[in-house]
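J.: need coordinates for the below:
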Amino acid sequence: MAKILLQTTIPYAQDDWNVGRFELLREELVAAGHEVTARNIERDASGNDTVLPAIAGSDFDQLWLMGVDSGDGLSEADVEGILAFRERGGGVLTARDHADLGACFRNLGSLGVVNHFNRFNPEPDPSRRAPDDRDNPGIAWPNYHSGANGDYQEVDVLEPIHEVFLSDRAPNGVISYFPAHPHEGAVDVPEGERCARVIARGTSVQTGRTFNLAVAIEGEACRKREGTMGRALAESTFHHFADMNWDTARGCPSFVTDAPATRSRATRRAWKYSRITCATSRAGLRPRPNAGSRGTTGRS
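T.: Reported below is the predicted structural model:
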């Protein structure tokens, strides 16, 4: 089992995406046997988080980073700490959202490259630099509409099937549904990038346009030593993991005004996405043998 740091990129604010909005995720991981520390950014006198700059020297196996900031969520020291964590074999999952939410990820090396925002590293196809979500004109692109909060979306799992999608709880052994959200962000693999690949796609319920849900990064060479970096996953939205998408009765920040899914569809959704979180913690971020991760294959 893994020791996981579940972290947001903002200080605590009651009416925002503080880490308490991901309590069901924490409970899910703990129920699967993992040790989970859930926290928000806490700044020291220098403006750095009190944990992330030194996370490479900690005993955490994985960092699950919820990008809920609008561009300035991580200091330079925080970024270097996360890169050093991957350097020593730590696994990292990032999840952001529409427009520039989670834009601090742009500084995280390959994880920054695979995330596309509005003001930073926009999608290379100009035709995609436009709203997909037609119900929220005030929300800037990228904003792919996969469905209402509390609903589910069908996932196109790409071959070869990544191990993160394998689950004995799914009817056919492969996770094929995710929670839906009206305005997901954009992740992709730049041309020529050999260590990353798209592992799942979704389809907009408004435009019919396909978009990427998740990118896996594996086998990336370390910057400062021989060996490979820890494995990483980049998700198009933190709403794949948020309480309000799993159970709309849990509530959300007051600035979220989208109408939730009807109860009947939410109930149908409940079993179909089959605990993507546990599959991710077990397999998707587990260091491979000989990956240079503290001489072990981790505790996942």
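J.: run a quick neighbour tally on the closest residue to Gly147 other than its chain neighbours.
T.: Distance criterion CB to CB, 6 or more residues apart in numbering; nearest residue to Gly147, sequence neighbours excluded, is Ala180 at 2.9 Å. C-beta coordinates here come from the backbone N, C-alpha and C atoms, glycine included. Using other CB atoms under 10 Å, Ala180 is surrounded by 27 other residues.
J.: pLDDT score for Arg282?
T.: Note on Arg282: pLDDT of 62.
J.: all further residue positions should be reported with the first residue as 35.
T.: With the count now opening at 35, the last piece we talked about shows up as Arg316.
J.: ok so, going back, test my guess that the residue nearest to Gly181 contacts Tyr178.
T.: No - between Ala214 and Tyr178 there is no contact under CB atoms under 8 Å: 10.4 Å.
J.: residue boundaries of the helices in the stretch 185-334 of the chain?
T.: Shown for the stretch 185-334 of the chain, the helices assigned by DSSP state H, counting those that start in this stretch span residues 277-280, 297-306, 310-313.
J.: list of residues touching stretch 101-115?
T.: 42-44, 50-51, 75, 80-83, 86-90, 116, 128-131, 133-139, 141-142, 153-154, 272 (CB atoms under 8 Å, 6 or more residues apart in numbering).
J.: run the last query once more with 6 Å
T.: If you take CB atoms under 6 Å, 6 or more residues apart in numbering as the criterion, stretch 101-115 is touched by 42-44, 51, 81-83, 86-87, 89, 130, 134, 136-139, 141.
J.: what distance separates the opening and closing residues of it?
T.: 16 Å (CA to CA, to the nearest Å).
J.: could you do stretch 88-107 as well?
T.: 17 Å.
J.: what's the offset of that stretch from the middle of its chain?
T.: 11 Å (CA atoms, centre = their mean, to the nearest Å).
J.: equivalent analysis for stretch 150-166, please.
T.: Distance, centroid of stretch 150-166 to centroid of chain: 19 Å (CA atoms, centre = their mean).
J.: got the buried residues for it?
T.: For stretch 150-166, a neighbour-count test (16 or more other CB atoms under 10 Å) marks His150, Phe151, Asn152, Asn155, Glu157, Arg162, Pro165, Asp166 as buried.
J.: could you give the mean pLDDT of that stretch?
T.: Stretch 150-166 comes out at a mean pLDDT of 97.
J.: how about that stretch as CSV, C-alpha atoms only?
T.: As requested, the backbone C-alpha atoms of stretch 150-166 are provided in CSV (Å, rounded to 0.1, in the frame of the first residue of the first chain):
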residue,chain,number,x,y,z
HIS,A,150,-2.9,23.1,-22.0
PHE,A,151,-4.4,26.3,-20.5
ASN,A,152,-5.9,29.5,-21.8
ARG,A,153,-3.1,32.0,-21.2
PHE,A,154,-0.3,29.4,-20.9
ASN,A,155,0.7,26.7,-23.4
PRO,A,156,-2.6,26.7,-25.3
GLU,A,157,-3.6,23.7,-27.4
PRO,A,158,-1.7,23.8,-30.7
ASP,A,159,-4.8,23.4,-32.8
PRO,A,160,-6.3,26.9,-33.2
SER,A,161,-9.7,25.5,-33.7
ARG,A,162,-9.7,24.2,-30.2
ARG,A,163,-9.0,27.6,-28.7
ALA,A,164,-12.8,28.3,-28.4
PRO,A,165,-15.5,27.3,-25.9
ASP,A,166,-16.9,23.8,-26.0
